[in-house]
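Undergrad: what's the 3D shape of this:
(one chain, ligands or ions: 3)
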Amino acid sequence: MSHTTYLSLGSNLGDRIANLRKAISSLPPKLLPLVQSSVYETEPWGYSEQPVFLNMVVKGETELGPHNLLAFLKQLEVSIGRRETFRFGPRFIDLDILFYDDLVLETPDLVIPHPRIAERAFVLVPLAEIAPDLYHPAVGKSIQGLKSNVETSGIKLFQSTIA
Ligand code: PH2
Ligand code: MG
Ligand code: MG
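TA: Ligands and ions are numbered 1, 2, ... in the order given. Sure, this is the predicted structure:
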(Lines give C-alpha, C1' and ligand atoms only; values in the text may rest on other atoms or scores of the structure.)
(Ligands and ions follow the chains in the order given, each with its own letter.)
Protein backbone atom coordinates (compact mmCIF):
# COMPACT_ATOMS: atom_id res chain seq x y z
CA MET A 1 0.00 0.00 0.00
CA SER A 2 1.20 3.48 -0.82
CA HIS A 3 1.63 6.11 1.90
CA THR A 4 1.85 9.87 1.61
CA THR A 5 4.77 11.41 3.44
CA TYR A 6 6.27 14.87 3.81
CA LEU A 7 10.02 15.25 4.26
CA SER A 8 12.09 18.22 5.40
CA LEU A 9 15.47 18.68 3.71
CA GLY A 10 18.22 20.91 5.09
CA SER A 11 21.87 21.64 4.28
CA ASN A 12 24.38 24.19 5.57
CA LEU A 13 27.74 22.70 4.57
CA GLY A 14 29.40 22.23 1.18
CA ASP A 15 27.49 22.89 -2.04
CA ARG A 16 24.09 23.20 -0.39
CA ILE A 17 21.99 23.16 -3.58
CA ALA A 18 23.94 20.17 -4.94
CA ASN A 19 23.31 18.33 -1.67
CA LEU A 20 19.56 18.96 -1.86
CA ARG A 21 19.50 17.99 -5.53
CA LYS A 22 21.41 14.77 -4.87
CA ALA A 23 19.02 13.87 -2.05
CA ILE A 24 15.91 14.41 -4.16
CA SER A 25 17.29 12.56 -7.16
CA SER A 26 18.17 9.60 -4.89
CA LEU A 27 14.68 9.26 -3.39
CA PRO A 28 13.18 7.14 -6.21
CA PRO A 29 12.27 4.37 -6.48
CA LYS A 30 11.80 3.93 -2.72
CA LEU A 31 10.09 7.28 -2.38
CA LEU A 32 8.46 8.99 -5.36
CA PRO A 33 8.50 12.79 -5.05
CA LEU A 34 5.15 14.35 -6.01
CA VAL A 35 5.52 18.02 -5.04
CA GLN A 36 8.58 20.06 -4.11
CA SER A 37 8.58 23.42 -2.35
CA SER A 38 10.84 26.32 -3.25
CA VAL A 39 14.25 26.48 -1.58
CA TYR A 40 14.61 28.94 1.31
CA GLU A 41 17.70 30.33 2.99
CA THR A 42 17.09 30.21 6.71
CA GLU A 43 18.73 31.48 9.89
CA PRO A 44 20.10 28.60 11.99
CA TRP A 45 17.64 27.48 14.63
CA GLY A 46 18.68 25.91 17.96
CA TYR A 47 22.41 26.61 17.64
CA SER A 48 23.24 29.95 16.05
CA GLU A 49 27.04 29.79 15.52
CA GLN A 50 26.86 27.99 12.19
CA PRO A 51 26.31 28.85 8.51
CA VAL A 52 22.84 29.66 7.20
CA PHE A 53 20.82 26.70 5.92
CA LEU A 54 18.98 25.96 2.75
CA ASN A 55 15.67 24.26 3.52
CA MET A 56 12.84 22.81 1.49
CA VAL A 57 10.09 20.21 1.86
CA VAL A 58 8.97 17.41 -0.44
CA LYS A 59 5.68 15.55 -0.59
CA GLY A 60 6.07 11.96 -1.77
CA GLU A 61 4.65 8.49 -1.92
CA THR A 62 6.25 5.39 -0.50
CA GLU A 63 5.52 1.75 0.14
CA LEU A 64 8.06 1.71 2.96
CA GLY A 65 6.85 1.54 6.54
CA PRO A 66 7.92 4.41 8.82
CA HIS A 67 10.98 2.67 10.31
CA ASN A 68 12.18 1.43 6.94
CA LEU A 69 11.72 4.92 5.53
CA LEU A 70 13.82 6.32 8.39
CA ALA A 71 16.56 3.74 7.76
CA PHE A 72 16.55 4.57 4.04
CA LEU A 73 16.86 8.32 4.73
CA LYS A 74 19.71 7.81 7.25
CA GLN A 75 21.60 5.74 4.71
CA LEU A 76 21.04 8.42 2.07
CA GLU A 77 22.36 11.11 4.46
CA VAL A 78 25.56 9.12 4.92
CA SER A 79 25.95 8.58 1.17
CA ILE A 80 25.69 12.36 0.61
CA GLY A 81 28.50 12.91 3.08
CA ARG A 82 26.89 13.42 6.44
CA ARG A 83 29.16 12.93 9.44
CA GLU A 84 28.05 12.83 13.05
CA THR A 85 28.21 16.32 14.56
CA PHE A 86 26.05 17.40 17.46
CA ARG A 87 22.40 18.15 18.12
CA PHE A 88 21.17 21.05 15.97
CA GLY A 89 24.72 21.42 14.54
CA PRO A 90 25.90 21.86 10.94
CA ARG A 91 25.41 19.15 8.33
CA PHE A 92 25.79 18.44 4.62
CA ILE A 93 22.30 17.04 4.51
CA ASP A 94 19.48 16.38 6.95
CA LEU A 95 16.43 14.40 5.86
CA ASP A 96 13.60 14.36 8.38
CA ILE A 97 10.19 12.71 8.19
CA LEU A 98 7.57 15.38 8.98
CA PHE A 99 4.35 13.42 8.37
CA TYR A 100 3.42 9.90 7.29
CA ASP A 101 -0.26 9.74 6.34
CA ASP A 102 -2.06 10.87 9.50
CA LEU A 103 0.05 8.58 11.68
CA VAL A 104 0.90 9.58 15.24
CA LEU A 105 3.82 7.44 16.40
CA GLU A 106 6.10 7.77 19.41
CA THR A 107 8.98 5.32 19.60
CA PRO A 108 12.48 5.83 21.07
CA ASP A 109 14.08 6.24 17.64
CA LEU A 110 11.26 7.78 15.64
CA VAL A 111 8.51 10.26 16.45
CA ILE A 112 5.90 11.16 13.79
CA PRO A 113 4.80 13.87 13.19
CA HIS A 114 8.27 15.35 13.69
CA PRO A 115 8.16 16.75 17.24
CA ARG A 116 9.38 20.30 16.46
CA ILE A 117 7.32 21.27 13.37
CA ALA A 118 5.23 23.83 15.26
CA GLU A 119 8.34 25.76 16.43
CA ARG A 120 10.23 25.76 13.15
CA ALA A 121 9.62 28.52 10.64
CA PHE A 122 12.19 26.84 8.35
CA VAL A 123 9.76 23.90 8.05
CA LEU A 124 6.44 25.78 8.20
CA VAL A 125 7.21 28.34 5.48
CA PRO A 126 8.07 25.80 2.73
CA LEU A 127 5.36 23.42 3.95
CA ALA A 128 2.70 26.15 3.85
CA GLU A 129 3.68 26.78 0.25
CA ILE A 130 2.73 23.22 -0.84
CA ALA A 131 0.26 22.10 1.86
CA PRO A 132 -1.33 25.03 3.74
CA ASP A 133 -4.42 23.02 4.71
CA LEU A 134 -2.55 19.92 5.84
CA TYR A 135 -3.74 19.09 9.34
CA HIS A 136 -1.18 18.36 12.05
CA PRO A 137 -2.77 15.28 13.67
CA ALA A 138 -0.93 15.65 17.00
CA VAL A 139 -1.24 19.44 17.50
CA GLY A 140 -4.70 19.72 15.94
CA LYS A 141 -3.99 22.71 13.68
CA SER A 142 -3.37 23.36 10.00
CA ILE A 143 0.08 24.23 8.67
CA GLN A 144 -1.19 27.70 7.75
CA GLY A 145 -2.43 28.15 11.32
CA LEU A 146 0.88 27.02 12.81
CA LYS A 147 2.84 29.28 10.47
CA SER A 148 0.86 32.32 11.63
CA ASN A 149 2.22 31.72 15.16
CA VAL A 150 5.94 31.79 14.31
CA GLU A 151 8.39 34.54 13.38
CA THR A 152 9.21 34.11 9.69
CA SER A 153 11.55 37.07 9.10
CA GLY A 154 14.64 34.77 9.08
CA ILE A 155 13.27 32.75 6.15
CA LYS A 156 14.15 34.09 2.69
CA LEU A 157 13.17 32.68 -0.69
CA PHE A 158 16.45 31.47 -2.24
CA GLN A 159 15.31 29.93 -5.51
CA SER A 160 11.98 28.58 -6.68
CA THR A 161 13.26 25.16 -7.82
CA ILE A 162 16.36 23.03 -7.28
CA ALA A 163 16.68 22.45 -11.04
N1 PH2 B 1 18.23 21.86 11.35
C2 PH2 B 1 18.61 21.60 12.58
C3 PH2 B 1 18.94 22.64 13.55
N4 PH2 B 1 18.72 23.96 13.08
N5 PH2 B 1 18.12 25.49 11.44
C6 PH2 B 1 17.69 25.74 10.18
N7 PH2 B 1 17.51 26.99 9.80
N8 PH2 B 1 17.44 24.74 9.30
C9 PH2 B 1 17.62 23.43 9.63
O10 PH2 B 1 17.38 22.53 8.78
C11 PH2 B 1 18.07 23.13 10.93
C12 PH2 B 1 18.30 24.21 11.82
C13 PH2 B 1 18.72 20.22 13.06
O14 PH2 B 1 18.07 19.32 12.31
MG1 MG C 1 16.53 17.92 11.52
MG1 MG D 1 17.53 14.68 11.13
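Undergrad: OK, contacts around the nearest residue to Asp133 once chain neighbours are set aside?
TA: Computed as CB to CB, 6 or more residues apart in numbering, the closest residue to Asp133 that is not its neighbour in sequence is Ser142, at 5.5 Å. C-beta: built from backbone N, CA, C; applies to glycine. For Ser142, the residues meeting the contact criterion (CB atoms under 8 Å, 6 or more residues apart in numbering) are 132-136.
Undergrad: mind checking how far Ser142 is from ligand 1?
TA: From Ser142 across to ligand 1, the span is 22 Å (CB to the nearest ligand atom, to the nearest Å).
Undergrad: repeat that for Tyr135.
TA: Taken as CB to the nearest ligand atom, the spacing of Tyr135 relative to ligand 1 amounts to 23 Å.
Undergrad: what is the neighbour count of that residue?
TA: Tyr135 sits with 13 neighbouring residues when counted by other CB atoms under 10 Å.
Undergrad: also Pro108?
TA: For Pro108, the tally of surrounding residues (other CB under 10 Å) stands at 5.
Undergrad: what's the farthest-apart pair in the contacts of Ser142?
TA: Pro132 and His136 (12.0 Å; CB to CB).
Undergrad: those two: which is more packed in?
TA: Of the pair Pro132 and His136, His136 is the one with more neighbours under other CB under 10 Å, namely 20 against 13.
Undergrad: so for Pro132 and His136, which residues contact both of them?
TA: 142-143.
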